[in-house]
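okay, sequence plus prediction incoming.
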Amino acid sequence: KQEVTQIPAALSVPEGENLVLNCSFTDSAIYNLQWFRQDPGKGLTSLLLIQSSQREQTSGRLNASLDKSSGRSTLYIAASQPGDSATYLCAVVPTTSGTYKYIFGTGTRLKVLA
Amino acid sequence: DAGITQSPRHKVTETGTPVTLRCHQTENHRYMYWYRQDPGHGLRLIHYSYGVKDTDKGEVSDGYSVSRSKTEDFLLTLESATSSQTSVYFCAISGRDGTYEQYFGPGTRLTVT
């Protein structure tokens, strides 16, 4: 059974720091991996989608990488800002599910201090 | 904005009462999902749909039913609400562009007293 883990559960950094969030999954047979951001009391916002044939995706200050063989993805945030404070979740679609069902990690709660 | 809305946004109901939550999309996505989000459990899939009248169970489907009679609408029904179903419910959509990137609605906060 696919399991998705995000460590650490919470992280505080000073403004301006570059940081890396981690996502691990137990089965490398995946269609997609997607990173989301969730602000308190809000829905999830899609940040980046990496398809199984891709190694990384970039959007502005965000860069996500995927290493299926090791079951890992990282989300790199450059020059962090207080506005980046949120919970970041990753999710994968296992190919064994036979359909597009996502399995979510429990997230990393990020606080960027001004 | 992926063109997805949920109604109601907040609801308080009593134990034993039936409740229906609605998810509406304007983007013609094939897949629609219902999740619940609880502290300590993260996001858990309740039911999903891969087409009109095509639905399947997720990992926490007991006590819930769904229906999809049109591409745009996906309904989640709690037949007889219990306090354990107090949660935030999210609808999501995917599949229009072939990448299956998932987009989420704003959520419904349901309290069962």
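Perfect, I can see it now.

which parts of chain B sit against chain A?
B:31, B:33, B:40-45, B:48, B:50, B:56, B:58, B:90, B:92, B:94-95, B:99-107 (C-beta under 8 Å from any C-beta of the partner chain). (Glycine included, C-beta is placed from N, CA and C.)

now, of these, which are buried?
Those of the residues of chain B next to chain A that meet the buried threshold are B:31, B:33, B:42-45, B:48, B:50, B:58, B:90, B:92, B:94-95, B:100-105, B:107, by 16 or more other C-beta atoms under 10 Å in any protein chain shown.

ok, residues contacting stretch A:79-88?
For stretch A:79-88, the surrounding residues in contact (C-beta atoms under 8 Å, 6 or more residues apart in numbering or on different chains) are A:6, A:13, A:15-19, A:21, A:35-40, A:47, A:61, A:75, A:77, A:107-114.

buried subset of these as a ChimeraX selection?
Of the contacts of stretch A:79-88, the buried ones can be selected in ChimeraX as follows, counting by 16+ other C-beta under 10 Å:
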select /A:6,13,19,21,35,36,37,38,47,75,77,107,108,109,110,112
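
which element follows the helix or strand of chain A with the lowest mean pLDDT toward the C-terminus?
The least trusted helix or strand in chain A, going by mean pLDDT, DSSP states H and E, turns out to be strand A:103-104, with a mean of 92. Scanning forward in sequence from strand A:103-104 by DSSP states H and E, the next helix or strand is strand A:108-113.

give me the number of residues near B:Thr113?
10 (other C-beta atoms under 10 Å in any protein chain shown).

need the contact list for it.
Residues B:Val12, B:Thr13, B:Glu14, B:Thr15, B:Ser83 are the ones in contact with B:Thr113 under the rule C-beta under 8 Å, 6+ apart.

quick check, nearest of those to chain A?
B:Val12 (16.6 Å; C-beta to the nearest C-beta).

who does that closest one form a beta bridge with?
With DSSP bridges applied, B:Val12 shows beta-bridge pairing to B:Thr111.

same thing with B:Phe104?
B:Ala92.

my guess is it contacts B:Ile4. True?
Yes: using C-beta atoms under 8 Å, B:Phe104 makes contact with B:Ile4 at a distance of 7.2 Å.
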